[in-house]
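K.L.:
Please find the sequence and the predicted model below.
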Amino acid sequence: MRETLPRRSKGVALITALLVVALATIAAAAMASRQQLDLRRTGNILDGDQAYLYTLGAEAWAVGILVKDRKENQTDSLGDDWATVLPAIPVEGGQITGVLEDLQGRFNINNLLTDDNQPSPPDIEIFQRLLAALDLEPRLALAVVDWLDPDIDPQPLDGAEDDQYLGEQPPYRTANQRMASATELRLIRGFPPEAYERLAPYIVALPFRTPINVNTASIPVLMALGNDITASDAEALIQARGEKGFADVNAFLQQPVLSGGKINPQAMQSIAVESHYFLLKVEAHIGQGRAQLSSLIERAQNGKIRIVMRSREIM
């Protein structure tokens with residue numbers, strides 16, 4: 001006679017089977033969910049990489065525009081093709097936007113030192129006037145000079161060297177060399193964050209001394225070029241240059257609002273109508289990926305292009 005399991009044993013076996021099926025279902029669901037997550041993450045990575053490739057394509061476009069511009073003319077103004085702000089351009093799977101900015105429309109902080117690393121009085125005066133135009137203390141210029149110059153002797157009155165910075169919390173030393181980035185101003189005594197934010201759109205730290213391009217300079221930067229140049233004078237200069245800009249420095253200096261010796265002859269070497277350094281900012285959205293690229297581009301007099309620095313972020 002065939003033996004049968006007791007009713008209780010049958011119930012235990014059934015429950016065990018149900019538990020095994022439930023655990024297997026949970027494991028399968030977890031594996032499927034993890035697989036979907038991995039697929040989504042992989043897709044996002046691919047989208048981000050593709051977006052970055054599009055930003056590199058925009059950089060190649062910017063290089064081509066700058067080379068073409070140098071072949072066509074020897075001046076740079078806001079009416080040139082390179083100065084056109086790109087609207088959102090649709091590409092496969094997303095869009096790309098970008099802007100190319102003339103960095104010589106700003107004041108180069110590293111101009112505060114001469115080529116032999118000595119303070120440059122004409123450029124210090126320009127920087128002091130820029131600070132004043134932005135309602136900041138002109139005395140801050142001397143603290144910046146001390147941050148840059150190689151000696152350890154503070155400038156009279158408002159300078160600062162290691163003795164002052166080593167007393168900060170936490171203590172640190174001055175750079176005693178040219179700035180790699182204008183953000184170093186945040187470390188300089190007397191520059192609170194709000195002062196830096198106000199100044200940031202009008203300054204740059206370029207590797208070499210550079211003149212200010214009066215065809216692309218803003219009102220505060222134009223005001224800084226000479227004594228008693230008012231905001232209305234600067235507006236008149238912008239109106240006079242138009243989209244094509246001044247043909248040469250003399251055309252700029254002959255403007256009626258600059259009569260009376262408002263620009264010191266020593267400061268004239270700090271003025272130009274052409275530029276060699278540009279900043280490209282481009283952003284691409286592809287699917288769920290996003291990439292940002294900032295490229296510092298140097299264009300030599302002969303039109304040869306060099307990418308000085310490239311900063312990227314892929315999300």
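P.N.:
Cool, got the structure. Residues are numbered from 1 along each chain as shown.
K.L.:
quick one: secondary structure of A247?
P.N.:
Following DSSP: H, G, I helix; E, B strand; the rest coil, A247 is assigned to coil.
K.L.:
That one - how many residues pack around it?
P.N.:
The local packing of A247 (other Cβ atoms under 10 Å) involves 15 other residues. Where you see a C-beta, it was placed from the backbone N, CA and C, and this is true even at glycine.
K.L.:
which residues touch it?
P.N.:
Going by Cβ atoms under 8 Å, 6 or more residues apart in numbering, A247 touches 75, 273.
K.L.:
try it again with 10 Å
P.N.:
73-75, 77, 215, 241, 273 (Cβ atoms under 10 Å, 6 or more residues apart in numbering).
K.L.:
ok, now I212?
P.N.:
Counted by Cβ under 10 Å, 6+ apart, I212 has contacts 104-108, 111, 123, 126, 221-222, 224-225, 267, 270-272, 275.
K.L.:
any idea which element A60 lies in?
P.N.:
Here A60, judged by DSSP states H and E, is contained in helix 7-72.
K.L.:
ok, of the contacts of A247, which come out buried?
P.N.:
Buried subset of the contacts of A247 (neighbour count, 16 or more other Cβ atoms under 10 Å): 75, 77, 215, 241, 273.
K.L.:
In helices only, show me those residues.
P.N.:
R241 (DSSP state H).
K.L.:
Include pLDDT and distance to L187 when you put the buried ones among the contacts of A247 into a markdown table, please.
P.N.:
What follows is those, written out as a markdown table (pLDDT from 0 to 100; distance: Cβ to Cβ, whole Å):
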| residue | pLDDT | distance to L187 |
| --- | --- | --- |
| T75 | 95 | 37 |
| S77 | 96 | 35 |
| N215 | 97 | 33 |
| R241 | 96 | 36 |
| V273 | 97 | 34 |
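K.L.:
Tell me which two in the buried ones among the contacts of A247 are the farthest apart.
P.N.:
Farthest pair in the buried ones among the contacts of A247 (Cβ to Cβ) is T75 and R241. Separation: 10.3 Å.
K.L.:
Quick check: the gap between I126 and L112.
P.N.:
According to Cβ to Cβ, to the nearest Å, I126 and L112 sit 9 Å apart.
K.L.:
Common neighbours of the two, please.
P.N.:
120, 141.
K.L.:
Is it correct that K304 is in contact with I297?
P.N.:
No. Contact criterion Cβ atoms under 10 Å: K304 and I297 do not qualify, at 11.2 Å.
K.L.:
Those two: which is more packed in?
P.N.:
Taking neighbours as other Cβ under 10 Å, K304 and I297 compare with I297 leading, 22 against 10.
K.L.:
so where's this structure shaky on pLDDT?
P.N.:
1-12, 14, 22, 28-30, 32-44, 156-158, 315 (pLDDT under 70).
K.L.:
all strands in it, in order from the N-terminus.
P.N.:
Remark: strands assigned in the chain by DSSP state E are 86-91, 94-102, 107-108, 203-204, 212-213, 271-272, 277-286, 289-299, 305-314.
K.L.:
out of those, deepest packed?
P.N.:
Comparing the strands of the chain by mean neighbour count (mean count of other Cβ atoms under 10 Å), strand 107-108 ranks first with a mean of 26.
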